[in-house]
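[1] model this:
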Amino acid sequence: MFHTKRTLSQAAIDHRLQTVTKVARKEQAALLAAPRNPWLWRMTTPPPPPKPCLPLLSRSVGEDWSYLNRRGQRARKEQVERGLTWMWTLQAAKREAVRAVLQLSAPIS
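    Down below sits the predicted model:
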């Protein structure tokens, strides 16, 4: 965060004057035209880049399922295995599609 001195734009002055009472409007009209010291709430460093989001199925691998009963734990394990198999199938299909596109776009010599 930093502090700077600047003159408010006419739109900012009008907005500030509309949000106060008539008595305060008369007092602030002259003050707002002069340069002000507004605090600009800006981060001095850029925010960190967002973390890549893992697929839901790969996040659920290795989770603690002790709160589930035996039947629920068995069912959850089967659900995750089924989901992982499907995810791997999709990834393989995507790799094949990319490979096919690269082979088509390769120059013929």
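[2] now the helix or strand harbouring residue 104, how far from the centre of its chain.
    According to DSSP states H and E, residue 104 maps onto helix 70-105. Relative to its parent chain, helix 70-105 has a centroid offset of 26 Å by Cα atoms, centre = their mean, to the nearest Å.
[3] what is that helix packed up against?
    Judged by 3 or more Cβ pairs under 8 Å, 6 or more residues apart in numbering; DSSP states H and E, helix 70-105 is in contact with helix 56-60. All C-beta atoms are positioned from the backbone trio N, CA, C, and that covers glycine.
[4] I figured residue 8 hits residue 17, correct?
    No: judged on Cβ atoms under 8 Å, residue 8 makes no contact with residue 17 at a distance of 10.6 Å.
[5] run through who's touching stretch 72-82.
    Stretch 72-82 is contacted by residues 57, 60, 61, 65, 66, 68 when judged by Cβ atoms under 8 Å, 6 or more residues apart in numbering.
[6] would you turn those into TSV with distance to residue 87?
    Compiled in TSV, the contacts of stretch 72-82 are given as follows (distance: Cβ to Cβ, whole Å):
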residue	distance to residue 87
57	5
60	11
61	10
65	19
66	25
68	22
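[7] and of those residues, the nearest to residue 102?
    Nearest to residue 102, judged by Cβ to Cβ, of the contacts of stretch 72-82 is residue 57 at 27.4 Å.
[8] contacts for the host helix or strand of residue 11 next, please.
    Taking DSSP H and E as the definition, residue 11 sits inside helix 10-18. Applying Cβ under 8 Å, 6+ apart, the contact partners of helix 10-18 are 8, 25, 28, 29, 32, 33.
[9] list the buried residues of that helix.
    13, 16 (16 or more other Cβ atoms under 10 Å).
[10] one more: stretch 100-109?
    Buried residues in stretch 100-109, counting neighbours by 16+ other Cβ under 10 Å, are absent.
[11] got the contact list for it?
    Looking at stretch 100-109 with Cβ under 8 Å, 6+ apart, no contacting residue turns up.
[12] switch to numbering from 45
    In the new count, where the first residue is 45, that last one comes out as stretch 144-153.
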